[in-house]
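Enquirer: no sequence for this one, just the structure:
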């Protein structure tokens, strides 16, 4: 999110500078499509590593430690993911409702919009919205994805840990994940993905 926001800020600064949007006669209208494109591209790039990890983690555990260990991984992911998702949904909803409560002057007219209480509620809602709208529901997809990968390869997983015929598959899986992770990270650093040039006016 931080890198995507940095790209968005840089694009907004560029449009203000090149299109003279703050002047009385701007050169053109703001390019909203470019901002949507930045957000979409950044979200897809940022999801590569977590997505690959969710797909390959069951394979790594299943081929290295066996079916029973994989069952433990899935139970742990289910229980912890469910509790975290419920927490995010409730906390995000509470932050969002707190802001609406203050904006409706339910705490008093002197503590409505423009007050310090409202500013604090806006900050809380900035966290609450992604909690209840994105991060919480995404955990449901994570749990389903790990379970589906486990079911697809269930017949191939060994029953015992460190099976001499199949343990090497986990090494291949680990190398694939590390290759993807290092490649994406190196590309981000090489291209300056998400960095802002503060030297520009």
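Expert: It's in. Keep in mind it's a predicted model, so treat the numbers as computed, not measured.
Enquirer: can you map out the helices along this structure?
Expert: 2-19, 32-46, 48-65, 67-103, 116-130, 136-152, 167-191 (DSSP state H).
Enquirer: ranking those helices by burial, who's on top?
Expert: Greatest average neighbour count among those goes to helix 48-65 (a mean of 19), per mean count of other Cβ atoms under 10 Å. Backbone N, C-alpha and C define where each C-beta goes, glycine included.
Enquirer: how far off centre is that helix?
Expert: Its chain's C-alpha centre and that of helix 48-65 lie 18 Å apart, by Cα atoms, centre = their mean, to the nearest Å.
Enquirer: what comes into contact with that helix?
Expert: 69-70, 73-74, 142, 145-146, 149-150, 153, 156-158, 161-163, 166-167, 169-170, 173-174, 176-177, 180-181, 184 (Cβ atoms under 8 Å, 6 or more residues apart in numbering).
Enquirer: follow-up on the earlier one: would you turn the helices of the chain into a markdown table with mean pLDDT?
Expert: A markdown table is the format used below for those (pLDDT from 0 to 100):
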| stretch | mean pLDDT |
| --- | --- |
| helix 2-19 | 87 |
| helix 32-46 | 90 |
| helix 48-65 | 94 |
| helix 67-103 | 93 |
| helix 116-130 | 89 |
| helix 136-152 | 92 |
| helix 167-191 | 94 |
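Enquirer: the ones you listed: which one's closest to residue 26?
Expert: helix 2-19 (5.5 Å; Cβ to Cβ).
Enquirer: so what's the residue count around the spatially closest residue to residue 18 that is not a sequence neighbour?
Expert: Closest residue in space to residue 18, ignoring its immediate chain neighbours: residue 27 at 7.6 Å, by Cβ to Cβ, 6 or more residues apart in numbering. Neighbour count for residue 27, taken as other Cβ atoms under 10 Å: 9.
Enquirer: distance to residue 109 added to the helices of the chain, as TSV?
Expert: Shown next, in TSV, are the helices of the chain (distance: least, Cβ to Cβ, whole Å):
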stretch	distance to residue 109
helix 2-19	34
helix 32-46	36
helix 48-65	45
helix 67-103	11
helix 116-130	12
helix 136-152	34
helix 167-191	48
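Enquirer: residues touching residue 184, list them.
Expert: Residue 184 neighbours (Cβ under 8 Å, 6+ apart): 45, 48, 49.
Enquirer: how close does the second one sit to residue 149?
Expert: Which is residue 48. 16 Å (Cβ to Cβ, to the nearest Å).
Enquirer: again with the first one
Expert: Residue 45 sits 22 Å away from residue 149, taking Cβ to Cβ as the criterion.
Enquirer: same thing with the last one?
Expert: Using Cβ to Cβ, we find residue 49 at a distance of 16 Å from residue 149.
Enquirer: and residue 94, by the same measure?
Expert: Counting by Cβ to Cβ, the gap from residue 94 to residue 149 is 34 Å.
Enquirer: try residue 174
Expert: Distance, residue 174 to residue 149, using Cβ to Cβ: 15 Å.
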